[in-house]
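Colleague: 3D model of this:
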Amino acid sequence: MRSRSNEETMASSTRRVGAETSKTRDTLLNCVEQMMLAEGYASVTYRALAAKAGVTPSLVQYYFPTLDDIFIAAIRRYSERNIAQLNKVLAERADDPLRALWEYSWDEATGALMTEFMALGNHRKNIRSEIASATRKVRKIQLDALSAKFGKDARLGAEFDLSLPALQLLLSGLPKLLNLEAGVGVKTAHHEMAAAFERYMDALQPTAGTAETKTGAKSTPQRKSAAHRPKSPGH
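Modeller: The predicted structure follows:
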């Protein structure tokens, strides 16, 4: 059985690349996502992916000359779905971008597929660069939404005096941190921290009514993150 490095060398010699709009390519990427969710990114090899999709390894190589090409294509497609969902959410809730982004960030942070991509990025430089590029695109969309609501140079919260980039970092980063800790069983002060941040949002932009969030804190009755979470094909 060939090692992963041998597979990559064999694949890199293949110069033709299948069309990005091909149904076969989509099927292969669907299988990649399913394999990563079921067994982790290390399970994705040319032979395993070919067996999962019911095709030959040479056909997989035709579409993806290297293993990095497989993962980069999967990340880009996943990112495109997330960005489309983010734009949809912000269009529907342009008057309340704070809570829309807070809920979106929780959904993104708890996505198992993104967790696998992040783990993969720790070991592959090309993957890390692709994740960084996707993150910058999402961050720009979020900052644009906040700027449209509060003004580009706004500083929010009299006591905290946060710039919009700093606020965006909290909106997207806090759910990631809390989810990361919860994943290893550490939950100390999570509810308190989430509740404090939601009170901060309420102070910036009051809203009528409250309801329980997934963190156990109080939030708006508009929360419906589970329905907004992007779904992986085949699930």
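Colleague: domain parsing for the chain?
Modeller: 20-65, 79-205 (the TED database).
Colleague: between these, which one is nearest to residue 71?
Modeller: Put simply, out of the domains of the chain the one that sits nearest residue 71 is domain 79-205, at 5.4 Å, with distance taken as CB to CB. (Each C-beta comes from the backbone N, C-alpha and C, glycine too.)
Colleague: gap between the closest one and the chain center?
Modeller: In terms of CA atoms, centre = their mean, to the nearest Å, the gap separating the centre of domain 79-205 from the centre of its chain is 10 Å.
Colleague: same question for that domain, mean pLDDT?
Modeller: Across domain 79-205, pLDDT averages out at 94.
Colleague: That one spans what distance, first to last residue?
Modeller: According to CA to CA, to the nearest Å, domain 79-205 extends 29 Å from its N-terminal end residue to its C-terminal end residue.
Colleague: Mind jotting down where the strands sit in the chain?
Modeller: Along the chain, the segments classed as strands by DSSP state E run 155-156, 162-163, 211-212, 218-219.
Colleague: What is the second one packed up against?
Modeller: It refers to strand 162-163. Strand 162-163 makes packing contacts with strand 155-156 when contacts are defined by 3 or more CB pairs under 8 Å, 6 or more residues apart in numbering; DSSP states H and E.
Colleague: who does the strand it packs on touch, helix- and strand-wise?
Modeller: On the basis of 3+ CB pairs under 8 Å, 6+ apart, strand 155-156 makes packing contacts with strand 162-163.
Colleague: Identify the residues contacting the strand it packs on?
Modeller: Outside of strand 162-163, the residues that reach it under the criterion CB atoms under 8 Å, 6 or more residues apart in numbering are 154, 155, 156, 170.
Colleague: want to throw those residues into TSV with distance to residue 181?
Modeller: Putting these into TSV (distance: CB to CB, whole Å) gives the following:
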residue	distance to residue 181
154	30
155	29
156	26
170	16
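Colleague: how about the nearest residue to residue 100 once chain neighbours are set aside, phi and psi?
Modeller: In space, residue 100 comes closest to residue 93 once its chain neighbours are excluded; the distance is 4.1 Å by CB to CB, 6 or more residues apart in numbering. Main-chain dihedrals, residue 93, degrees, to the nearest 10: phi -130, psi 50.
Colleague: mind checking how far residue 114 is from residue 29?
Modeller: As judged by CB to CB, to the nearest Å, residue 114 and residue 29 stand 15 Å apart.
Colleague: what does residue 55 give?
Modeller: Applying CB to CB, the value for residue 55 to residue 29 is 13 Å.
Colleague: Between the two, point out the one with more neighbours.
Modeller: For residue 55 and residue 29, the more surrounded residue by other CB atoms under 10 Å is residue 29, and the numbers stand at 21 against 17.
Colleague: what about the helices in this protein?
Modeller: Under the criterion DSSP state H, the chain carries helices at the ranges 4-12, 23-39, 46-53, 57-63, 67-92, 97-109, 112-121, 125-150, 164-183, 190-204, 225-228.
Colleague: Just name the most buried of the ones you listed.
Modeller: When these are scored by mean count of other CB atoms under 10 Å, the highest mean neighbour count falls to helix 97-109 (a mean of 23).
Colleague: what's the angle from it to helix 67-92?
Modeller: Going by axes from the mean of the first three to the mean of the last three CA atoms, to 10 degrees, helix 97-109 is angled at 150 degrees with respect to helix 67-92.
Colleague: Mind giving me the packing neighbours of helix 97-109?
Modeller: helix 67-92, helix 125-150, helix 164-183, helix 190-204, helix 225-228.
Colleague: CA atoms only for that helix, dumped as PDB, please.
Modeller: Taking only C-alpha atoms (Å, rounded to 0.1, in the frame of the first residue of the first chain), the coordinates of helix 97-109 have been written out as PDB:
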ATOM      1  CA  PRO A  97     -26.300  42.800  12.800                       C
ATOM      2  CA  LEU A  98     -24.900  42.300  16.300                       C
ATOM      3  CA  ARG A  99     -27.100  39.400  17.200                       C
ATOM      4  CA  ALA A 100     -27.200  38.100  13.700                       C
ATOM      5  CA  LEU A 101     -23.400  37.800  13.800                       C
ATOM      6  CA  TRP A 102     -23.300  36.500  17.300                       C
ATOM      7  CA  GLU A 103     -25.700  33.600  16.300                       C
ATOM      8  CA  TYR A 104     -23.800  33.000  13.100                       C
ATOM      9  CA  SER A 105     -20.500  32.800  15.000                       C
ATOM     10  CA  TRP A 106     -22.000  30.200  17.400                       C
ATOM     11  CA  ASP A 107     -23.100  28.100  14.500                       C
ATOM     12  CA  GLU A 108     -19.700  28.400  12.800                       C
ATOM     13  CA  ALA A 109     -17.800  27.600  16.000                       C
END
